[in-house]
Structure formats: structure tokens, C-alpha cells
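Participant: With the sequence up front, the predicted model follows.
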Amino acid sequence: MSRAPLVVVGDVLLDREVLGRVERLCPEAPVPVFDESEVLDRPGGAGLAALFTASAAASGPPGRTRPGRPPREVVLVAAVSADTAGDRIRELLARAAVRLVEVPLLGPTPEKIRLRAGGHLLMRLDRGSGPAEIAAAPAAAIEAIRAAGAILVSDYGRGICAHPQLRAALTERAQCVPLVWDPHPRGGHPVPATRLVTPNRAEASGFVSSNLGGPRSGEWPLTAALHPADGVAVHVGGNGHGASNGASASNGAGAAGNGNGRAANNRVTPNHAVPTGAVGNGNGRVAGNGGAAKGDATTSSNGHATAHADAATADLAQAAGMAVRLRRYWGASAVVVTLDDRGAVMSDGVNPPLLVPTPFSARGDSCGAGDRFASAALASLSEGSSILEAVTTAVTAATAYVAAGGALSLCPELHERADDPASVVII
């Protein structure tokens, strides 16, 4: 028996990687001469998210899929134009077994062309990146959303996610199935009841600055995350022993919290959440109310702690504060702020913010890592995982993606054959 499909809704573009060599300067001007050797095309934006979703749906999250259970169909609802770039996207999606439900795009299909030599990005050329004009949504697009078993919205701000008909369908379906919203600087707000919103650090900062700066937000200021005020409980550890309020951690590094500023009388252990207390992770990080703590902190006579956090810990606390504020402002079940090689900070409204660290250190091209993160979270939630399980799965998937080489890792056959200047590799 077939299962409800996984549906990706968002702005699609054509990503083109042009690989080559630079061995000399141009005689007409002091600029490098780029000799092209390979061209790799792939769907970008929501298209890349759909490819990742299809891959995740086929394998399933660890421990969640049952043998013999059929994989879900993946459907992409996106605006594509009737041009060469649009035809290329259609071809690539079909090869990846992603069903495209088109919304007519009145204008060129966007393209991002990256020139790379010796593993370095030299230049990016954008085409058709201006505002998009999107026609009325066909009935097939609305029905695809209404039939979804889970939805990923990849909002690059070109209009598809703000389309009134599509947004109404997303708002309706979010009440019934998991919806993950991957926002970008030019995009809009998630619909109410979104299960998980996944901004990166810079995006979260931008949303906080533009949307939460006025008194209408009703939130405590982010400075509270860095300078705890009187009456705010901050956990202190360093050796795993609890402070006088009963909260403890395995190493004493802290992230900001979202409660009323007082720690509950519960012990925190790594990878276990206490419903009425704080949350620990693999590093034992815990949270108070916006306070960050290190092992060199001291405890005052009234049981409250004061801490001297270094810049990295302060930044972590600020990211946690942003996750709290954005979750409240958007009315989402959870917001996770991704922090590159540090992992991600999650606020779910139940427990103090939690840092989910990366399983190992990965350095490399992070292009597409956000799409990999969001798609892995969606696939996990669609199989019944908790939000914490989904975020942990997503952190691991995004880290492995960057470690493997990022976007270029999607074409392993490139590294298995000699250069052929006439070839075009399709991924």
C-alpha cells in the first residue's frame, strides 16, 4: 500500500558547476584565464532539497523504517519557466525520480553558475535573479500539498511560498502533518503550526533584527543572554556537580534558556531531557534563562550563578536566545538555528534551548548543507521521530555532506575518470 508523498514546495533554480584550470593571465587585462574542463548541472534551491529528500526517503532515518516498507514518492511544487534552464531542471528531476508539479513562471528560470579551479571558487554568475512573476497556482499544485504526508518549504523569497493559494494550502496542511520550513533572507514568515523552522545563524539574526526589534514582540532582549540580570538563574558546573538550585551538567558549558529564569530541581544527564528541568546533550550543555556559563564561574550566596563566558560561548547563548524569540514570534513548534561546524541550537518551547553538536569536525564547501539539513529533518519527522531525533539526524547528515565534499560529492563518477573537455556530467 502506497504512503502519502513527501512534498517540497519552494523556489527552484539551475545550479551549474563549471570546473577548469587557471594557468596564465589574460594578455588584455591582469585577470586569470579560465580553461573549462567539466560542466555539472543540478537542480538548485528547492530542487536540490527535493533531491536530498528523495535520497533520504529511499534510505529512511536509522531505526525508523521497517524492512519491506515502500519508500515515499517525492513531489516538488515549484515555478519553472519554459526555457532551456527550465527544461534542464525537468530532465534532472525526472532522472532522480522526483515528480515536478509546475506553477507557471512568467520570466526566465534562475541560474547560478560557479567557476571553480583547483578546488577554489573563483566567481559566481547569476542569471534571472530578479523578482519573479508567478501565475495562478494550478489545481494540481494545491492537491499535491493537501495530499502530502509531510512537507518541506524551501523559501528563497522569489514568490512561490508567498503565493496566496499555496500559502493557504500550506497553512491548512500544517495542522495535520509535519511541516519543515527552511527560510532564507528574502523569504517570508513560516505558516502557523510549522513543526520545525531551520534558519542558519545569519538568517536568524536578520529575522530577529527586522521582525522582533519593536515592543510588539513582547520578548526579553537578547542582551539577557549575555548579561544575566538579578533573579536569573545560570547553571554553573565544570566538573559535573550541581549548583545550589539542583541543575547540573557534565562539563559546565551552557546555552541560553527560555523559561522564567529559574532552574528546576532536576539533574541533567547527557542526551536525556527532563520534562520539567533543563536539557543536556553529548557535551552536557544546559540552559538557564539566557545565561551562558563556563567551568570558571562562581556561585553567589543566594544560589544564583554569575559567569564569565568567552566569545564563542556568548555567541552560542545569543543563538539560543534567537531560537527562543523566533519560535514564539512565528508560533512554530520548534526553531533550530544551525551553527556550521558547531552543530545547531534548538528551542522547542518545552525545555531550555539545547545544543546538538556535530558528531565530528568537517571543513569544506557548505553550499547545499542547509538543504541537506532540512531534508533530513523532514524525512525523520515523516517516520514518526521526535523533533530532537530529527534535528540530531539532520546535524549528522549535514556534517557528513560537507565532509564528503559538499555539492561536488553528488557526482562521484567525476573523480573516477580522466578529464574529457567535451563531456557534460549529469547528476
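Facilitator: Right, received. Where do you want to start?

Participant: Confirm that Thr194 sits in a strand.
Facilitator: No. Counting by DSSP: H, G, I helix; E, B strand; the rest coil, Thr194 is not part of a strand but coil.

Participant: Who are the contact partners of it?
Facilitator: Each residue near Thr194 by CB atoms under 8 Å, 6 or more residues apart in numbering is listed here: Ala174, Leu179, Val180, Trp181, Trp330, Gly331, Ala332, Ser333. (Each C-beta comes from the backbone N, C-alpha and C, glycine too.)

Participant: Please apply the same query to Thr392.
Facilitator: Applying CB under 8 Å, 6+ apart to Thr392 gives the contacts Val356.

Participant: how about it, secondary structure?
Facilitator: Of the three states, Thr392 takes helix under three-state DSSP.

Participant: any idea how far Val350 is from it?
Facilitator: Distance from Thr392 to Val350, counting by CB to CB, to the nearest Å: 16 Å.

Participant: same check, this time on Asp126
Facilitator: Taking CB to CB as the measure, Asp126 falls 41 Å from Val350.

Participant: Arg363 now?
Facilitator: For Arg363, the distance to Val350 - CB to CB - is 34 Å.

Participant: Looking at the two, which has the bigger crowd around it?
Facilitator: Applying other CB atoms under 10 Å to Arg363 and Val350 shows that Val350 carries more neighbours, namely 14 against 9.

Participant: in the stretch 51-200 of the chain, which spans are strands?
Facilitator: Ranges of strands in the stretch 51-200 of the chain, per DSSP state E, counting those that start in this stretch, are 74-80, 98-104, 111-117, 120-127, 150-155, 179-183, 196-197.

Participant: Parallel or antiparallel, which strands does the third one pair with?
Facilitator: Right, the one you point to is strand 111-117. strand 12-25 (parallel), strand 120-127 (antiparallel) (DSSP bridges).

Participant: out of those strands, nearest to Ala323?
Facilitator: strand 12-25 (27.9 Å; CB to CB).

Participant: If you count neighbours, what's buried in the closest one?
Facilitator: Along strand 12-25, these residues count as buried under the neighbour rule (16 or more other CB atoms under 10 Å): Val12, Leu13, Leu14, Asp15, Arg16, Glu17, Val18, Leu19, Gly20.

Participant: neighbours of the residue nearest to Arg16 when sequence neighbours are not counted, just the number please.
Facilitator: Take Arg16 and drop its neighbours on the chain: the residue closest to it by CB to CB, 6 or more residues apart in numbering is Ile113, 4.6 Å away. Neighbouring residues of Ile113 were enumerated by other CB under 10 Å; the total is 16.

Participant: Report the beta-bridge partners for Ile113.
Facilitator: Where Ile113 sits in a bridge, its partners, by DSSP bridges, are Arg16, Leu125.

Participant: Between strand 179-183 and the longest helix along the chain, find me the angle.
Facilitator: Longest helix in the chain by number of residues, with DSSP state H as the criterion: helix 311-330. Helix 311-330 runs at 120 degrees relative to strand 179-183, counting by axes from the mean of the first three to the mean of the last three CA atoms, to 10 degrees.

Participant: Could you list every helix and strand that helix 311-330 packs against?
Facilitator: strand 196-197, helix 201-211, strand 254-255, strand 335-338, strand 344-347 (3 or more CB pairs under 8 Å, 6 or more residues apart in numbering; DSSP states H and E).

Participant: The last one pairs with which strands, parallel or anti?
Facilitator: Taking DSSP bridges as the criterion, strand 344-347 sits next to strand 335-338 (antiparallel), strand 354-356 (antiparallel) in its sheet.
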